[in-house]
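Participant: Sharing a sequence plus its predicted fold:
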Amino acid sequence: EMAEKAGYPHFMLKEIHEQPRAIRDAIHGNAGIIRSVAEEIAKYDRVFIVAMGTSYHAGLVAKYLFQRLAKKVPIVEDASEFRYEFEELVDGNTLVIAITQSGETADTLAAMKLARRKGAKVLAIVNVVGSMATRIADFTLYTHAGPEIGVAATKTYTTQLTVLTMLAIELARVLGTADQGYLDELEAELSAVPELVERALRHEASLRELAEELKDKRDFFYIGRGISVPTALEGALKLKEISYIHAEGLSAGELKHGPLALLEDGVPVVAIAPSGKTFDKIVSNIEESRARGAFIISIGDREELGRISDVFVQMPEMDELLTPIVYIVPLQILAYHLSVLRGNDPDKPRNLAKSVTVE
Ligand code: G6P
């Protein structure tokens, strides 16, 4: 087993470090076919995205990508809700995009079957070749991440985001909804994301030290705005899954509407704060949390974050639309080390399964 882990103590850590390679493979593996898929899905006005768990968070990121680039607003639902709430709205003019790493999640498969039964087209974004989802779908895009053994999804998430970003860019090209020059630049920047992830991985030693400092905390809050809201949710999910620390991810604007009451001295608040149109807004949220004594960990590209945070994790500059792929990496590493330091096995968290094949 040690050989399979390539010298890493756990599969999860190995898989975190495989992300630059996995993202490169996702790009190369889909470059030749993304155009035809985009042309096919451009015809549909009503788009649903269905998924569970981490794949659902990828769907939430896709919503921002589709809105901003293709001016299409997909309805993103966790597949267990979609099955029972949206049946009436699905017809021959509907496209359903199902995101599932394993291709075997019961709720996601059921949502796909329902969609097909109602005459909708189904696109699956899947990692496991030949899995059930690929057999139900009309067409499939693979994430090419390679096998993922750790229960907590890491490289399958960042490759899902990569494929969804490619799809949104191509859809915008087909529909003519964004400046072509900008789309070309964004695509070029996406192909440099593996190097940006490499750079994010270099924070591992300091994140391990941070984990040492935070390992006895009871609650964590993860805040973000816009396209970083799903990163906040996914960061919190990673922590819950493997460290068993209670964590909440939320839109920073929602802090004032309840969660602020829970902030007191030393409670960690992780702020996902890339440059972008709401940067100043999240700075105010950081300040309001700090005023309540919260311990601020900020992730961003602007030096000034260092002055208002207890810990600042500096990210390279990039287009805001690409930040979800890179910014989740330090949050995966932090969750991993908190899990290990608390004596857990991050590869096999209690009560959880790699794929949930029953409803
Ligand atoms: C389980 C796993 C999660 C995963 C979710 C959806 O809960 O523990 O890591 O995100 O299922 O799985 P899927 O294979 O459909 O992406």
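Facilitator: Yep, it's here.
Participant: from here on, contacts and neighbour counts on C-alpha atoms
Facilitator: OK.
Participant: Could you tell me which residues of this structure lie near the ligand?
Facilitator: 52-55, 100-103, 105, 151-153, 352-356 (CA under 6 Å from any ligand atom).
Participant: For the residues you listed, which ChimeraX command selects only the ones that are buried?
Facilitator: Applied in ChimeraX, the following selects the buried portion of the residues of the chain next to the ligand according to 16 or more other CA atoms under 10 Å:
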select :52,54,55,100,101,102,103,105,151,152,153,354
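Participant: Counting only helices, which of the residues of the chain next to the ligand make the cut?
Facilitator: Judged by DSSP state H, the subset of the residues of the chain next to the ligand located in helices is 53-55.
Participant: Quick check: of the residues you listed, which lies closest to Asp347?
Facilitator: Taking CA to CA as the measure, Thr54 is the one of those closest to Asp347, at 15.5 Å.
Participant: Looking from the ligand, tell me which residue of the stretch 201-350 of the chain is nearest.
Facilitator: Using CA to the nearest ligand atom, the single residue of the stretch 201-350 of the chain nearest to the ligand is Glu241, 8.1 Å away.
Participant: residues contacting the nearest residue to that residue once chain neighbours are set aside?
Facilitator: Closest residue to Glu241 apart from its sequence neighbours, by CA to CA, 6 or more residues apart in numbering: Pro349 at 6.5 Å. Pro349 makes contact with 151, 241-242, according to CA atoms under 8 Å, 6 or more residues apart in numbering.
Participant: Secondary structure element holding the closest residue to Ile23 other than its chain neighbours?
Facilitator: Nearest in space to Ile23, with sequence neighbours left out and distances taken as CA to CA, 6+ apart, is Thr159 at 5.3 Å. Secondary structure from DSSP states H and E places Thr159 in helix 155-175.
Participant: Kindly report the same for Arg24.
Facilitator: Secondary structure (DSSP H and E) places Arg24 in helix 19-30.
Participant: Send me that helix as PDB with only the CA atoms.
Facilitator: As requested, the backbone C-alpha atoms of helix 19-30 are provided in PDB (Å, rounded to 0.1, in the frame of the first residue of the first chain):
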ATOM      1  CA  GLN A  19      -3.600  18.100  -8.900                       C
ATOM      2  CA  PRO A  20      -1.300  19.900 -11.300                       C
ATOM      3  CA  ARG A  21      -0.900  16.800 -13.300                       C
ATOM      4  CA  ALA A  22      -4.600  15.900 -13.100                       C
ATOM      5  CA  ILE A  23      -5.700  19.400 -14.300                       C
ATOM      6  CA  ARG A  24      -3.200  19.200 -17.200                       C
ATOM      7  CA  ASP A  25      -4.800  15.900 -18.200                       C
ATOM      8  CA  ALA A  26      -8.300  17.200 -17.900                       C
ATOM      9  CA  ILE A  27      -7.400  20.100 -20.200                       C
ATOM     10  CA  HIS A  28      -5.600  17.900 -22.800                       C
ATOM     11  CA  GLY A  29      -8.200  15.100 -22.600                       C
ATOM     12  CA  ASN A  30     -11.100  17.500 -23.400                       C
END
